[in-house]
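Asker: have a look; sequence and predicted model below, questions after that.
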Amino acid sequence: MPVTDGIAVSEPPVIPGVRRSFSTARGVRFHVTEAGPVDGRPVVLLHGWPQHHYTYRDLLADPPEGLRIIAPDLPGYGWSGPPPHRWAKEDIASDVLALLDALGLERVLLVGHDWGGYIGYLMVLRQPERFDGYLALNMAHPWVPATTVLRHIWRFLVYQPLVAIAGVPLQQRTRLLERLIGAAITDHSAVGPDVVRIFADRFRDPVCARSATDTYRTFWLREIPNSARNPERRRATVPIHALFGVDDAAIHPSLAATETARADDYTFEPITGCGHFIADERPDLVRARLIELAATTT
């Protein structure tokens, strides 16, 4: 990998058979990776931190029959350009909805992991008519009671304030991300160090490092106080299947519990022997649940 001024410069990792393009929406130059028939049923996959579209490499390399797999890099992540804002999650939801418009996608199936999972919740609450179903991967739903959040706030304190305060130099100059990703994986035979580096090294880029820092700085300074004052009241009408690796040390399963979900159709499926990065550890299961969701929402 070439290095310029101490910053790793990289091309997107190779995934056989994919189509890559750029599309501009709301001032963001999105990098979009696709696979499957262009006239297939569209499925939009959203990643989280510290990752990019490559977390869905299994689905992109071998798309399920009849599905058009579309995996954008979120604003400022991967190979997408920076957003014209400070990564407020409602702004990112607006960005991605605008991307759907730019791609001519009126109605899709949605998959989201980590922050991409939270963005997905905001999207299905705001414009439910655009989504047939939602597969949420290891992310808290937006209706978690404050008492539950407080019981698990220590999990966020382990790393999030550090990223919010000093995320740029930490991501660019240390091996913090490699350690965090490694610690969040249960089955290391499924995710080797080469894959971990593909994710971690991308955040040595200044745009990615800045966007990730803003992700957490905005969360702590604006979004946590706002959610305490104005808890989510909207009810989800889109079918939601929450798939959750229960070895996740960052997000406890109770933060995605069925009992507290304000949704007409919400299913929580715990997966033992799996950590936070479920799309990397259990791509077979993610594929199976996506196929099931597609079959039950036609």
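Answerer: Yep, it's here.

Asker: going forward, measure contacts and count neighbours with C-alpha atoms only.
Answerer: Fine.

Asker: for residue 196, which non-adjacent residue is spatially closest?
Answerer: residue 178 (6.2 Å; CA to CA, 6 or more residues apart in numbering).

Asker: next, give phi and psi for residue 24.
Answerer: Backbone torsions of residue 24, given as degrees, to the nearest 10, read phi -100, psi 130.

Asker: what about it, how many neighbours?
Answerer: If you count neighbours by other CA atoms under 10 Å, residue 24 ends up with 16.

Asker: spit out the contact partners of it.
Answerer: 30, 99, 102 (CA atoms under 8 Å, 6 or more residues apart in numbering).

Asker: so the first one: helix, strand or coil?
Answerer: In terms of secondary structure, residue 30 is strand; the call rests on DSSP: H, G, I helix; E, B strand; the rest coil.

Asker: what's the residue nearest to it when sequence neighbours are not counted in contact with, if anything?
Answerer: Computed as CA to CA, 6+ apart, the closest residue to residue 30 that is not its neighbour in sequence is residue 80, at 4.5 Å. Contact partners of residue 80, counting by CA under 8 Å, 6+ apart, are 28-31, 73-74.

Asker: which element is the residue nearest to residue 196 on?
Answerer: Using DSSP states H and E, residue 178 sits within helix 176-183.

Asker: may I see the buried residues of that helix?
Answerer: Across helix 176-183, burial judged by 16 or more other CA atoms under 10 Å covers 176-178, 181-182.

Asker: how about stretch 140-158?
Answerer: 140-144, 149.

Asker: equivalent analysis for stretch 258-271, please.
Answerer: Neighbour count says stretch 258-271 has 258, 261-263, 266-270 buried, by 16+ other CA under 10 Å.

Asker: pLDDT weak spots in the stretch 1-150 of the chain?
Answerer: Within the stretch 1-150 of the chain, the segments meeting pLDDT under 70 span 1-9.

Asker: and the strands in it?
Answerer: 3-4, 7-8, 19-25, 28-35, 41-46, 67-72, 108-113, 131-137 (DSSP state E, counting those that start in this stretch).

Asker: go on, the stretch 151-298 of the chain?
Answerer: With DSSP E, counting those that start in this stretch as the criterion, the stretch 151-298 of the chain has strands spanning 240-245, 266-271.

Asker: can I get the CA coordinates of the last one in PDB?
Answerer: Put plainly, it is strand 266-271. Output of strand 266-271 as PDB, limited to C-alpha atoms (Å, rounded to 0.1, in the frame of the first residue of the first chain):
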ATOM      1  CA  TYR A 266     -40.300  -6.700  15.600                       C
ATOM      2  CA  THR A 267     -38.300  -9.900  16.100                       C
ATOM      3  CA  PHE A 268     -35.200 -10.300  18.200                       C
ATOM      4  CA  GLU A 269     -32.900 -13.200  17.400                       C
ATOM      5  CA  PRO A 270     -29.900 -13.700  19.800                       C
ATOM      6  CA  ILE A 271     -26.900 -15.600  18.300                       C
END
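
Asker: on that earlier part again, the residue nearest to residue 196 and residue 198 touch, don't they?
Answerer: No. If you go by CA atoms under 8 Å, residue 178 and residue 198 don't touch, sitting 9.7 Å apart.

Asker: for residue 167, give its distance to residue 201.
Answerer: Taking CA to CA, to the nearest Å as the measure, residue 167 falls 14 Å from residue 201.

Asker: swap in residue 218?
Answerer: 23 Å.

Asker: ok, those two, which is more surrounded?
Answerer: Using other CA under 10 Å, the more surrounded residue of residue 218 and residue 201 is residue 201, with 22 against 16.

Asker: just so I have it, where are all the helices in this structure?
Answerer: 57-61, 89-102, 115-126, 146-151, 153-157, 160-173, 176-183, 193-202, 206-218, 224-229, 278-281, 283-296 (DSSP state H).

Asker: between those helices, which gets nearest to residue 135?
Answerer: Closest to residue 135 of these, according to CA to CA: helix 283-296, at 7.0 Å.

Asker: and stretch 117-132, what's buried?
Answerer: 117-126, 128, 130-132.
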